[in-house]
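1. turn this into a structure:
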Amino acid sequence: MSPQTRASSVVIGVPMRDLDPALRFAVREAEVLGCRLRIVGHEGPDRGSRSGAHPPMERALRTARALAGPSTAVSGELHPAPTLESALRAQADARVVVAQRSDLGALLEGVGRIDASAGVPAVACVPPGWHTTTVPGPPITVAVDDPGTSRHLLGVALNVAAAHRLPLRVVHAWGLEQPPGGHRPSEAALSRWSHRIVEELGALRERADVFVNLEVHVASPVQALVGHSHESSALLIGARRAVYRTAPGLGLVTRGLLHQTACPVLVVPDTPTSALHPGAVNGNPLGGHP
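-> Below is the predicted model of the structure:
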């Protein structure tokens, strides 16, 4: 199916204070995933219609089309609701909604207002000054918490890495709080944890030809993952549906990463969406269950 006829899309909200990094990321994802880029703007309460000039939207469209070239369809639309909330609601089967870090607060508020029964798209948060890297680029990094509940996230990460033709770095940071006088986990415990992650990866790797490197750290998760973000094309983290839909429910690790990483962070809800759950790659929708 061609990019022009496929239903799914990358959606980005404007205006933003530092739009270009988010646009570069959104254009890259649209090209890699083979879908169109939809740019959503806020028309404001003083606009009686959606006709007429809208300078932020016009600039965003010009920039996106210059970056993408003729092979990727780019469209724009104005909504009366706040920009990022409109982007989240703009299309039920959007693959990913892209936001710039300076608009993170508005993004979290928009996510929190989505009804619990509604589909939640993946959300990418792009740091200021981010640029695409040269080919071949650094790996995709995925943060794994409990391997028993991470199959969905690992499947997404494998497919994202395959679509980008990049290796995958799987990172688990063992950052359990210990009582005074407590001891770090034993080598045997770390080995068992690694083995469980490898087992989850084993069944999924048959679907994607991706080089995978597993790292288990005894360190603060935020510290370890922020460090890895300096040598990653993107960082994937999971979000349980029950807490993902309310901004206060996002954990401290997730919030820390959204504010501090050097690369874009892709927050993946744990319920299947039409776009970012394990399935086919190489130009086909990332659909299907693990």
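
2. can you tell me how far residue 27 is from residue 172?
-> Look at residue 27 and residue 172: by CB to CB, to the nearest Å, they are 32 Å apart. To be clear about C-beta, it is placed using only N, CA and C from the backbone, and glycine gets the same treatment.

3. in the stretch 101-250 of the chain, which segments are predicted with low confidence?
-> Residue ranges of the stretch 101-250 of the chain with pLDDT under 70: 108-120, 133-135, 175-186, 206-207, 240-250.

4. tell me where it has strands.
-> With strands called from DSSP state E, counting those that start in this stretch, the stretch 101-250 of the chain shows them at 122-126, 140-143, 168-173, 212-217, 234-239.

5. so of these, which one's packed in deepest?
-> strand 140-143 (a mean of 26; mean count of other CB atoms under 10 Å).

6. packing partners for that strand?
-> Judged by 3 or more CB pairs under 8 Å, 6 or more residues apart in numbering; DSSP states H and E, strand 140-143 is in contact with helix 151-164, strand 168-173, helix 221-229, strand 234-239.

7. among these, which is nearest residue 254?
-> strand 234-239 (5.9 Å; CB to CB).

8. what angle do that closest one and helix 221-229 make?
-> 150 degrees (axes from the mean of the first three to the mean of the last three CA atoms, to 10 degrees).

9. list of residues touching strand 234-239?
-> With CB atoms under 8 Å, 6 or more residues apart in numbering as the test, strand 234-239 has contacts from 124, 140-143, 145, 150, 152-153, 156-157, 160, 225, 228-229, 250, 253-254, 257, 261, 263-270.

10. before we move on, the earlier item: which one of the strands of the stretch 101-250 of the chain lies nearest to residue 104?
-> Using CB to CB, these put strand 122-126 closest to residue 104, at 6.0 Å.

11. tell me which strands the closest one pairs with, and in which orientation.
-> strand 96-100 (parallel), strand 265-269 (antiparallel) (DSSP bridges).

12. what comes into contact with the first one?
-> Which is strand 96-100. Counting by CB under 8 Å, 6+ apart, 10-13, 16-19, 21-22, 25-26, 29, 84, 87-88, 106-107, 121-126, 128, 266, 275-276 sit against strand 96-100.

13. now the strands of the stretch 101-250 of the chain as CSV including distance to residue 34?
-> Below are these laid out as CSV (distance: least, CB to CB, whole Å):
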stretch, distance to residue 34
strand 122-126, 16
strand 140-143, 18
strand 168-173, 20
strand 212-217, 24
strand 234-239, 17
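
14. and residue 189, which of the ones you listed is closest to it?
-> Nearest of these to residue 189, taken as CB to CB: strand 212-217 at 10.0 Å.

15. does anything pack onto that closest one? Which helices or strands?
-> Using 3+ CB pairs under 8 Å, 6+ apart: strand 212-217 touches strand 168-173, helix 187-204.

16. average model confidence for the helix or strand containing residue 13?
-> Per DSSP states H and E: residue 13 is located in strand 9-14. The predicted model assigns strand 9-14 a mean pLDDT of 71.

17. for the closest residue to residue 226 other than its chain neighbours, what are its contacts?
-> Spatial nearest neighbour of residue 226, excluding adjacent residues (CB to CB, 6 or more residues apart in numbering): residue 260 at 4.9 Å. Residues in contact with residue 260 (CB under 8 Å, 6+ apart) are 222, 226, 229.

18. need phi/psi at residue 260.
-> The phi and psi values for residue 260, taken as degrees, to the nearest 10, are phi -120, psi -20.

19. relative to residue 129, how far out is it?
-> Counting by CB to CB, the gap from residue 260 to residue 129 is 14 Å.

20. please apply the same query to residue 33.
-> 24 Å.

21. how many neighbours does residue 196 have?
-> 16 (other CB atoms under 10 Å).
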